[in-house]
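Q: Predicted model and sequence below, questions to follow.
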Amino acid sequence: MNGRQVYVVCPLVENNDTLELQSVEEVYDKYKNTYFKEYTVEFLHGKMKNKEKDEIMQRFKENKINILISTTVIEVGISVSNATVMVIENADRFGLAALHQLRGRVGRGSFESYCILKSDNKSIKSRERLKIMEKSNNGFDIAEKDLELRGPGDFFGIRQSGLPEFKLANLLKDISILKSAQEAAKDIITSDKYLESDVNKSIKEELFNKFGDQLVNIAT
């Protein structure tokens, strides 16, 4: 490794019999006891106490750890300019924004750096999403392409929540209009929280007709 350091990111902390995904525990065991016995391998995840996590990250920064196996808890943390390789297991399970944030943990020094995305998913759509990471390093472009491929329901996680998709608006093409509509809605709520004025009564009636009890629950 020429003195450089490596991050390995996994989607799970522990093994799960129902999910065929790499876990921190499994990868740590293989790396430490089989593949990289001659290196110092440690693990890190969100279930650990803050003090323990901080100590491990500090040791990694001081180059006392060669390979760090972790969950996305390293997405934001200490900058380690000596870390030049990141391997992300089951990369298809992460959102592109998360992958972009993770990738930013390497390449912080003057050394050539690499981010390796691993996936067994044979889905064409999944492969297309990961290809976006290969072609772009611009966070905005990546988010836009991800939205374009997955659609608003999947992208924002609302497909199962009962929220309707827009019938006319396009989140990619009409973003300026949607922002204006959002600001107008905020102004109305600020000036007339319960829509009691004559001007806003029709809006209130339309909302109750469309959402009924859901609107009452939100309001209370």
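A: Arrived safely, thanks for sending.
Q: A strand includes residue 84, no?
A: Yes. Assignment of residue 84 by DSSP: H, G, I helix; E, B strand; the rest coil places it within a strand.
Q: any idea how far residue 74 is from it?
A: 15 Å (C-beta to C-beta, to the nearest Å). Just so you know, the C-beta spots here come from the backbone N, C-alpha and C atoms, and that holds for glycine as well.
Q: Quickly find the element holding the most far-flung residue of the chain relative to its centre.
A: Here the chain reaches farthest from its C-alpha mean at residue 198, the gap being 43.8 Å by C-alpha atoms, centre = their mean. Of the helices and strands defined by DSSP states H and E, none includes residue 198.
Q: can you give me the strands in the chain?
A: If you assign secondary structure with DSSP state E, the strands in the chain sit at 5-9, 41-44, 67-70, 83-88, 114-117.
Q: Dump those strands to CSV, plus mean pLDDT and distance to residue 141.
A: Shown next, in CSV, are the strands of the chain (pLDDT from 0 to 100; distance: least, C-beta to C-beta, whole Å):
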stretch, mean pLDDT, distance to residue 141
strand 5-9, 97, 22
strand 41-44, 96, 30
strand 67-70, 96, 27
strand 83-88, 96, 19
strand 114-117, 96, 16
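Q: Return the most buried member of those strands.
A: strand 67-70 (a mean of 26; mean count of other C-beta atoms under 10 Å).
Q: what would the strands of the chain look like in a markdown table with distance to residue 17?
A: Shown next, in a markdown table, are the strands of the chain (distance: least, C-beta to C-beta, whole Å):
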| stretch | distance to residue 17 |
| --- | --- |
| strand 5-9 | 22 |
| strand 41-44 | 20 |
| strand 67-70 | 20 |
| strand 83-88 | 23 |
| strand 114-117 | 25 |
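Q: Looking at those, spot the one closest to residue 128.
A: Nearest to residue 128, of all the strands of the chain, is strand 114-117, at 12.9 Å by C-beta to C-beta.
Q: Which elements pack onto that closest one?
A: With contacts defined as 3 or more C-beta pairs under 8 Å, 6 or more residues apart in numbering; DSSP states H and E, strand 114-117 has these neighbours: strand 83-88, helix 96-103, helix 124-135.
Q: what about 6 Å?
A: strand 83-88 (3 or more C-beta pairs under 6 Å, 6 or more residues apart in numbering; DSSP states H and E).
Q: Mind listing the strands the strand it packs on pairs with, and their directions?
A: The strands beside strand 83-88 in its sheet (DSSP bridges) come out as strand 5-9 (parallel), strand 114-117 (parallel).
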